[in-house]
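S.K.: from the sequence below, what's the structure:
(2 chains)
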Protein chains: 2
Amino acid sequence: MTTADEAKGAATALPPVHVIGTGLIGTSIGLALTAVGVDVSLEDQSETSAALARDLGAGRISGEVAPGVVVVAAPPDVSPRLVLRALERWPDAVVTDVASVKQVVLADVSRAGVPIDRYVGSHPMAGRERSGAISARGDLFTGRAWVLCPHPGSDPAATELVAAVARATGAAVTTLSPAEHDAAVAAVSHVPQVAASLVAARLEHLSDEAVGLAGQGVRDVTRIAASDPGLWTQILSGNALAVADVLRSVRDDLGELVAALEALGADEDDVADAPGARAVLARAIADGNAGHARIPGKHGAPPATYAVVSVVVDDRPGEVARLLTDIGDAGVNMEDLRLDHGLGLPFGLAEVSVLPAAAGPLTEALTTRGWQLHS
Amino acid sequence: MTTADEAKGAATALPPVHVIGTGLIGTSIGLALTAVGVDVSLEDQSETSAALARDLGAGRISGEVAPGVVVVAAPPDVSPRLVLRALERWPDAVVTDVASVKQVVLADVSRAGVPIDRYVGSHPMAGRERSGAISARGDLFTGRAWVLCPHPGSDPAATELVAAVARATGAAVTTLSPAEHDAAVAAVSHVPQVAASLVAARLEHLSDEAVGLAGQGVRDVTRIAASDPGLWTQILSGNALAVADVLRSVRDDLGELVAALEALGADEDDVADAPGARAVLARAIADGNAGHARIPGKHGAPPATYAVVSVVVDDRPGEVARLLTDIGDAGVNMEDLRLDHGLGLPFGLAEVSVLPAAAGPLTEALTTRGWQLHS
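M.R.: Here you go, the predicted model:
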């Protein structure tokens, strides 16, 4: 794959990297960097954990070579202390941490009153549901975002070196201030999790017949509601104020909507009298349209509107493959695919997203090959 | 396909059906029933619209034959009047309406004080973004739920006849009281829409770099935020009180979460002092787990936990097809498939859901065939 070649190219100029903390993220960083030829050394408060990471191939234990970059891969509450100690131990090294919140860590590091130009916080946006070195994967960061959060005093050369390390793992680098980072992950990750959980919680006490009406919409909205409560309590606690900021505005919007719906419900015999209430509903949906349109499309390109071709697919092995072979034979590049399972029926719908110009030719090609299309 | 055979079997005993209102839903019902041999007659306040539906093959215009079933396919505000008129015009016919809210329609029909044992409200849960007879499709209801909402005075034979009509269109019939129906669609459809819109609205004013961090989670949660504001203002207004009931409880949960996060944020130097606040977060996520687990799995079966095998797929025509052919050749039945596009990279991840017992053999088969698996 060209990806591995690119990562190797990015790694050629890298100095030795020292990883402190051999949990899931630290060990995965070691595996990814070792794979592209970087000299990685490992350290953990648990010697057993560090030895396991070494045995998995994430790097060596002894640190005879002074590192050029130190990566602190520890929880947010211990990261500042480990960053300060690394700056002191290796006076020529660049130091980064990979904690999932950045303002709190920077504030604690700054408070020590020592020069921190060689410190650049960062956050690789990758994880797994399992933790520990044993769950580490060298490809954990492939194609994921790795956010750099330099502070005003960060040396640009230090920032560039951390970026090179991130790229060497296969990640896509992006740069935000610590405050922007915390607000961004609140909006794009933490608040969606809360919303999914709250909507899903409303399903708990419905009858079987009622939840049986669940379609693709609620399934999509609540998919991440299956997440681990312990893990998410840590994540939300760590970014508490930024998450609270966004949730307050959601709560205010919700309050307006409830008032509008109550006005419309009280006035059900003559809803024409409640134009203001209907405007509140329409504006909420329209604001959602505008926000949704901001989410980048495939490959970070501007969002595209795809045409969807829906095809009835029998529920047996190989049928979806046969469909996609026919799509490939038609020379059409599929942008997205969803399988929507029917209710109580032995088949499903495959919703194939393609560029609008490809929808006509695809429809014709599939009909010719005997597929039943569905509106 | 066996599906068409089953629908034809269900249709053999059906009496003539009269459809009042030849918009999207009414015309689609006419097309579906005509296709399985039912004698369908059509009526609309616009003669042009009725003639178009006839020309599309949805049925005939003249009504020499007295219908056994009358389907009122009109907006909620005019449906009660049309139902009452149909009960009077055809004293032996069963009458249903297909409006998307059921309590309001039943209340208005009941208020007339005439016998309504031949009336059974219903709601086919299918639609399209476009409206009108010209957008109608005979397969609009295939595999979708069609909810029957009999009232305490409905004749069981009338309910069974409406169920037979619904099944003849290819829909899966389920039965709820009008109040249960309205509460159910509020929870499984209307509230998820509101949540998706409110979460998406928070993205509108983020920087490009910040929205660039959007991963699959927020994409899933906000997918339906692209919905039409005009249509959704009508839908939410029509079910205002049931939606307000559910949203009030969401708002209350949200208020508790904001207070907990503010307490944790104020106390960031010693979060160990805020166990109550962390318990609020953990309970919200756990309640979401419980609600999420209620959503039925494939084919209305109890929810299953699938194992996910993630595969790196190059972004060019035919690659996903090649993967799925290999999955089919391995004899594994895929339960679900998602394509997750990397950020700024020329490939994506295919997340293949399979029964847990199939994950090991599938991983082995794909690795053998040269696919790169991803955690």
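S.K.: leaving aside the residues next to it on the chain, what's closest to A:H151?
M.R.: Nearest residue to A:H151, sequence neighbours excluded (C-beta to C-beta, 6 or more residues apart in numbering or on different chains): A:L106, at 5.6 Å. Heads up, the C-betas are built off the backbone N, CA and C, glycines and all.
S.K.: quick check: that neighbour touching A:H123?
M.R.: No: A:L106 lies out of contact with A:H123 (C-beta atoms under 8 Å); the separation is 11.8 Å.
S.K.: what touches both of the two?
M.R.: A:C149 (C-beta atoms under 8 Å, 6 or more residues apart in numbering or on different chains).
S.K.: list the contacts of the residue nearest to A:H151.
M.R.: A:L106 neighbours (C-beta under 8 Å, 6+ apart): A:121, A:149, A:151, A:178.
S.K.: wait, a helix at it?
M.R.: Yes: checked against DSSP: H, G, I helix; E, B strand; the rest coil, A:L106 lies within a helix.
S.K.: and the host helix or strand of A:V70, which strands flank it?
M.R.: According to DSSP states H and E, A:V70 maps onto strand A:69-72. Here strand A:69-72 is paired, per DSSP bridges, with strand A:17-20 (parallel), strand A:94-97 (parallel).
S.K.: turn the ones you listed into JSON lines, including mean pLDDT and mean neighbour count.
M.R.: Listed next are the strands paired with strand A:69-72 as JSON lines, based on pLDDT from 0 to 100; neighbours: other C-beta atoms under 10 Å in any protein chain shown:
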{"stretch": "strand A:17-20", "mean pLDDT": "97", "mean neighbour count": "26"}
{"stretch": "strand A:94-97", "mean pLDDT": "98", "mean neighbour count": "28"}
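S.K.: give me the nearest residue to A:S237, chain neighbours excluded.
M.R.: A:S237 sits nearest to B:L264 (C-beta to C-beta, 6+ apart), 5.0 Å away.
S.K.: pretty sure that neighbour sits in a helix.
M.R.: Yes: counting by three-state DSSP, B:L264 is part of a helix.
S.K.: please give me every residue in contact with A:R369.
M.R.: Neighbours of A:R369 in contact, by C-beta under 8 Å, 6+ apart: A:D326.
S.K.: interface residues of the stretch 51-200 of chain A facing chain B?
M.R.: Applying C-beta under 8 Å from any C-beta of the partner chain, one finds that the stretch 51-200 of chain A approaches chain B through A:77, A:104, A:125, A:128, A:135, A:137, A:139-140, A:142-145, A:147, A:172, A:174-176, A:180, A:183-185, A:187-189, A:191-200.
S.K.: mind redoing it with 6 Å?
M.R.: A:128, A:137, A:139, A:143, A:145, A:172, A:174, A:176, A:184, A:187-188, A:192, A:195-200 (C-beta under 6 Å from any C-beta of the partner chain).
S.K.: inside strands: which ones of those?
M.R.: A:145, A:172, A:174 (DSSP state E).
S.K.: could you dump the residues you listed into JSON lines with neighbour count and pLDDT added?
M.R.: Listed next are those as JSON lines, based on neighbours: other C-beta atoms under 10 Å in any protein chain shown; pLDDT from 0 to 100:
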{"residue": "A:A145", "neighbour count": "24", "pLDDT": "89"}
{"residue": "A:A172", "neighbour count": "21", "pLDDT": "90"}
{"residue": "A:T174", "neighbour count": "23", "pLDDT": "94"}
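S.K.: what is the nearest of these to chain B?
M.R.: Nearest to chain B among these is A:A172, at 4.4 Å by C-beta to the nearest C-beta.
S.K.: is that closest one in a bridge, and if so with what?
M.R.: Going by DSSP bridges, A:A172 is paired in beta bridges with A:A145.
S.K.: what's the spacing between it and A:S227?
M.R.: 24 Å (C-beta to C-beta, to the nearest Å).
S.K.: adding distance to B:G276, write the strands paired with strand A:69-72 out as a markdown table.
M.R.: Output for the strands paired with strand A:69-72, formatted as a markdown table (distance: least, C-beta to C-beta, whole Å):
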| stretch | distance to B:G276 |
| --- | --- |
| strand A:17-20 | 33 |
| strand A:94-97 | 29 |
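S.K.: would you map the helices across the stretch 51-200 of chain A?
M.R.: A:79-89, A:103-111, A:156-168, A:178-185, A:191-201 (DSSP state H, counting those that start in this stretch).
S.K.: low-confidence stretches in the stretch 1-150 of chain A?
M.R.: In the predicted model of the stretch 1-150 of chain A, residues A:1-12, A:127-131 satisfy pLDDT under 70.
S.K.: go again using 90 as the cut-off
M.R.: Counting by pLDDT under 90, the stretch 1-150 of chain A shows low-confidence ranges at A:1-13, A:62-65, A:75-77, A:100-101, A:104, A:125-137, A:139-140, A:142-145.
S.K.: in it, which residue sits closest to chain B?
M.R.: A:G143 (3.0 Å).
S.K.: tally up the residues packed near that residue, please.
M.R.: Using other C-beta atoms under 10 Å in any protein chain shown, A:G143 is surrounded by 22 other residues.
S.K.: and A:V308, by the same measure?
M.R.: Count around A:V308 with other C-beta under 10 Å applied: 12.
S.K.: mind checking the SS state of it?
M.R.: Going by three-state DSSP: A:V308 is strand.
S.K.: I'd say it and A:L355 touch.
M.R.: No: the criterion here is C-beta atoms under 6 Å, and A:V308 misses it with A:L355 at 11.4 Å.
S.K.: residue closest to the middle of chain A?
M.R.: A:M125 (5.5 Å; C-alpha atoms, centre = their mean).
S.K.: tell me if I'm right that that one and A:R144 touch.
M.R.: Yes: A:M125 is within contact range of A:R144, at 5.4 Å (criterion: C-beta under 6 Å).
S.K.: what is the nearest of the ones in strands among the residues of the stretch 51-200 of chain A next to chain B to B:A244?
M.R.: Checking these against B:A244 with C-beta to C-beta, the nearest one is A:A145 at 38.3 Å.
S.K.: before we move on, back to that, any of the contacts of A:L106 buried? List them.
M.R.: A:121, A:149, A:151, A:178 (16 or more other C-beta atoms under 10 Å in any protein chain shown).
S.K.: span of stretch A:147-158 from start to end?
M.R.: One end of stretch A:147-158 sits 14 Å from the other (C-alpha to C-alpha, to the nearest Å).
S.K.: what does stretch A:37-52 give?
M.R.: Rule used - C-alpha to C-alpha; the end-to-end distance of stretch A:37-52 is 20 Å.
S.K.: neighbouring contacts of it?
M.R.: With C-beta atoms under 6 Å, 6 or more residues apart in numbering or on different chains as the test, stretch A:37-52 has contacts from A:11, A:14, A:16-20, A:22, A:30, A:33-34, A:53-54, A:59-61, A:63, A:133.
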